[in-house]
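Engineer: Whatever this is, show me its structure:
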Amino acid sequence: MERKERFARTILNGFEAFFCEFQNITLAAKTRFENADWRGMQESATRRIDLRKEKTAEIIQYVELIAGEYLKDYEFWKEVRDIYADMIEGHNNFEIAETFFNSVFCAVFEHRMIRNDYAFVFSPHGDMPPADVSSVYRTYQVEDSLDTVWEAILTDYSFDIPYEDLGRDVRNIMQVVDSYLRLHFTLDGDEVQFQVLEHHFFRNKGAYIVGRIVNGEDSMPFVLPVLHNEEGAVYVDTVLFGSDKISVVFSFTRSYFFVDASIPSAYVLFLQQLMPAKPISEIYSAMGYNKHGKTYYHRCAYRHMASTKDKFMIAPGIKGMVMCVFTMPSYDFVFKIIKDRFTPPKEMTRQQVKDKYALVKRWDRAGRMADTQEFANLAFARERFSDELMEELYKVAPSMIEEHGKVLVIKHVYVERRMTPLNLYLQDATDEQVRDVMDEYGNAIKQLAAANIFPGDMLLKNFGVTRHGRVVFYDYDEIQPLTECNFRKIPEPRTEAEEMSSKPWYTVGPNDIFPEEFRLFFSGNQRAREVFDEIHSDLYEASFWQGLQEQIRSGYVESFYPYRRKLSFDRAEHA
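Structural biologist: Below is the predicted model of the structure:
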């Protein structure tokens, strides 16, 4: 027993070390924001994503030493799991500690035999700690007027640099309150209060104050985005009201927030009350706990499968050259398996595709690339797979599946939120919807480029439309850093023979890209092409892309806003 206790304690110490370092990286975000250290913010975001794997690797050497010959003994792990469960009982963050234990187990067993007997597939303590949500927010009573409450909030959530014009910001907020909020929420009465999460959320170049207005049983969530003017002051850029707008701020298409939450579950529960439609797994991920988001997702997925009877089927849309994608009608996620052989002209390896997905996980997704969860050796009930899907899997990815009686094991799979493929969305779209979504499509390409991502294959089928109408890229096998591309203008033909040639009469290097050819991505949809040409024809110019490359190489970090720019306040009052 003594060996097992030391073993369990070692893993728990590893978790505590991980959590402390995670917190330290997070705590520095406020100072980086105040210093306008945007590169530092990017680097620390990547560092924090890599932290779990780094800390797991550090612990493994001690785990191996202590376990000795019992390292791969399942009975040994079964008893260790029980000891560990006792150790973390009552721990404020037991759920994240369990996920860390799972990471160590998976590292030892290479993601095989993940059973609840040996790891925490499910928790003996419940999904989440019984957190006291009231302990993580500040309460503001409306005693005088609403503008004094907003001013008090901004003052309490100030920085070590001043506001550009605090009075103007309060007046701007009150204009939205008077023109919008009063039409959708009752602000009269003695019970009205503001509940504001105690710490800022930081991401990219913004700081966000998150809370809700409560009047009896009714509540209205809000977010105040605060931006740095890079001249030594900050300002409130807008105020967002309502679950839908808040949900976009915490979207699965964006990089993870930095927020000083010593008990993350309390923040998660509060945020889930603001955004009831958002899965808890995505809220954990949005706060940087993406591995626990994966654990929580798996538990919810298991329960969904157990409570439904519909079957997995090939996902709607044009089949991919690299991925086999499937879903089920009752489910909001899709599963993506890398094919054994890629449809020509795709030429790459399985590892190269996995590397692209890993790049996306560590990059600033700019609100335009879907976050994914990666699973190895994921078990399903074989009976839940349609005959058509099984035929397709055996045809395109036989090495990735194994049948064991009633169980189908998929050796490697990505899971991401389901969206409507853009090419399918356009089929039934009105003229107004076509205009809006093609503007979104162009903005998605431009924002990815500003984040130093060139999508590569920009066919309409490789983009999806979310329930909020945002266009998101989800085909990553051809992405590369924009700065590695060589954007060129197609040379003018020098002779009639060159002009009539069906093949290029000029040399083409491996990284050469000719933006004039992007019009080919609209083949078959003239209506979409005409709208796009009107709004985003600058994407056909090599100079547009070259200008972005110069900007990125100069060290400039682009701002990415989780709301429409038209919502930004007028700062003209500031002189």
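
Engineer: Contacts for the helix or strand encompassing Val80 next, please.
Structural biologist: Assigned by DSSP states H and E, Val80 falls within helix 74-88. Outside helix 74-88, the residues that touch it by CB atoms under 8 Å, 6 or more residues apart in numbering are 4-5, 7-9, 11-12, 67, 70, 94, 97-98, 101, 105, 113, 117-120, 124-125. (Each C-beta comes from the backbone N, C-alpha and C, glycine too.)

Engineer: So how do I select the buried members of the residues you listed in ChimeraX?
Structural biologist: To isolate the buried members of the contacts of helix 74-88 in ChimeraX, using 16 or more other CB atoms under 10 Å:
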select :4,7,8,11,12,67,70,94,97,98,101,105,118,119,120,125
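
Engineer: Just give me the residue right at the centre of this structure.
Structural biologist: Closest residue to the average C-alpha location of the chain: Phe252 at 3.5 Å, with CA atoms, centre = their mean.

Engineer: Surely it and Thr372 touch.
Structural biologist: No - applying CB atoms under 8 Å as the test, Phe252 and Thr372 come out as separate, 9.0 Å apart.

Engineer: Now the common contact residues for these two.
Structural biologist: Glu416.

Engineer: so who does Gln61 touch?
Structural biologist: Gln61 touches nothing, counting by CB under 8 Å, 6+ apart.

Engineer: sec struct for it, please.
Structural biologist: Classification of Gln61 using DSSP: H, G, I helix; E, B strand; the rest coil returns helix.

Engineer: just the CA coordinates of the helix holding Val80, formatted as PDB?
Structural biologist: Extracted C-alpha coordinates of helix 74-88, given in PDB (Å, rounded to 0.1, in the frame of the first residue of the first chain):
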ATOM      1  CA  TYR A  74      -3.900  -2.800 -14.300                       C
ATOM      2  CA  GLU A  75      -4.700  -4.000 -10.800                       C
ATOM      3  CA  PHE A  76      -2.000  -1.700  -9.400                       C
ATOM      4  CA  TRP A  77      -3.600   1.200 -11.300                       C
ATOM      5  CA  LYS A  78      -7.000   0.300 -10.100                       C
ATOM      6  CA  GLU A  79      -6.000   0.500  -6.400                       C
ATOM      7  CA  VAL A  80      -4.000   3.700  -7.100                       C
ATOM      8  CA  ARG A  81      -7.100   5.300  -8.700                       C
ATOM      9  CA  ASP A  82      -9.100   4.600  -5.500                       C
ATOM     10  CA  ILE A  83      -6.300   6.100  -3.300                       C
ATOM     11  CA  TYR A  84      -6.100   9.100  -5.600                       C
ATOM     12  CA  ALA A  85      -9.900   9.500  -5.500                       C
ATOM     13  CA  ASP A  86      -9.700   9.600  -1.700                       C
ATOM     14  CA  MET A  87      -6.900  12.100  -1.700                       C
ATOM     15  CA  ILE A  88      -8.800  14.600  -3.900                       C
END
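
Engineer: What residues of that helix count as buried?
Structural biologist: Neighbour counts over helix 74-88 (16+ other CB under 10 Å) mark 76-77, 79-81, 83-85, 87-88 as buried.

Engineer: Same list (those) but as TSV, adding distance to Phe342 and pLDDT.
Structural biologist: Formatted as TSV, the buried residues of helix 74-88 follow (distance: CB to CB, whole Å; pLDDT from 0 to 100):
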residue	distance to Phe342	pLDDT
Phe76	42	96
Trp77	38	96
Glu79	46	96
Val80	42	97
Arg81	41	97
Ile83	47	97
Tyr84	43	98
Ala85	44	97
Met87	47	97
Ile88	44	97
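
Engineer: Arg488: which of those residues is nearest?
Structural biologist: Trp77 (57.0 Å; CB to CB).

Engineer: Please report the distance of that closest one from Asp117.
Structural biologist: 8 Å (CB to CB, to the nearest Å).

Engineer: do Val192 as well
Structural biologist: Distance from Val192 to Asp117, by CB to CB: 51 Å.

Engineer: And for Thr99?
Structural biologist: Taken as CB to CB, the span from Thr99 to Asp117 is 17 Å.

Engineer: likewise Phe109?
Structural biologist: On the measure of CB to CB, Phe109 and Asp117 end up 13 Å apart.

Engineer: Next: Glu478.
Structural biologist: Counting by CB to CB, the gap from Glu478 to Asp117 is 42 Å.

Engineer: Val472 now?
Structural biologist: If you go by CB to CB, the gap between Val472 and Asp117 works out to 39 Å.

Engineer: ok so, going back, find the nearest non-adjacent residue to the residue nearest to the centre of the chain, please.
Structural biologist: Asp371 (4.7 Å; CB to CB, 6 or more residues apart in numbering).

Engineer: what about the protein, any weak spots by pLDDT?
Structural biologist: 1, 498-499, 523, 573-575 (pLDDT under 70).

Engineer: how does it look with 50?
Structural biologist: 575 (pLDDT under 50).

Engineer: Kindly report the domain assignment for it.
Structural biologist: 2-109, 133-289, 308-418, 422-540 (automatic domain parsing).

Engineer: so how far is the longest one off the chain centroid?
Structural biologist: Domain 133-289 sits 20 Å away from the centroid of its parent chain (CA atoms, centre = their mean, to the nearest Å).

Engineer: dump the residue contacts of the residue lying closest to Thr420 once chain neighbours are set aside.
Structural biologist: Closest residue in space to Thr420, ignoring its immediate chain neighbours: Val465 at 4.7 Å, by CB to CB, 6+ apart. Residues near Val465 by CB under 8 Å, 6+ apart: 419-422, 425, 437, 440, 471-472.

Engineer: can you rerun that using 7 Å?
Structural biologist: 419-420, 422, 425, 437, 471 (CB atoms under 7 Å, 6 or more residues apart in numbering).

Engineer: Nearest to Val508 among these?
Structural biologist: Leu422 (28.1 Å).

Engineer: and the closest one, how far is that from Leu482?
Structural biologist: 21 Å.

Engineer: neighbour-wise, which of these two wins?
Structural biologist: Leu422 (26 against 22; other CB atoms under 10 Å).
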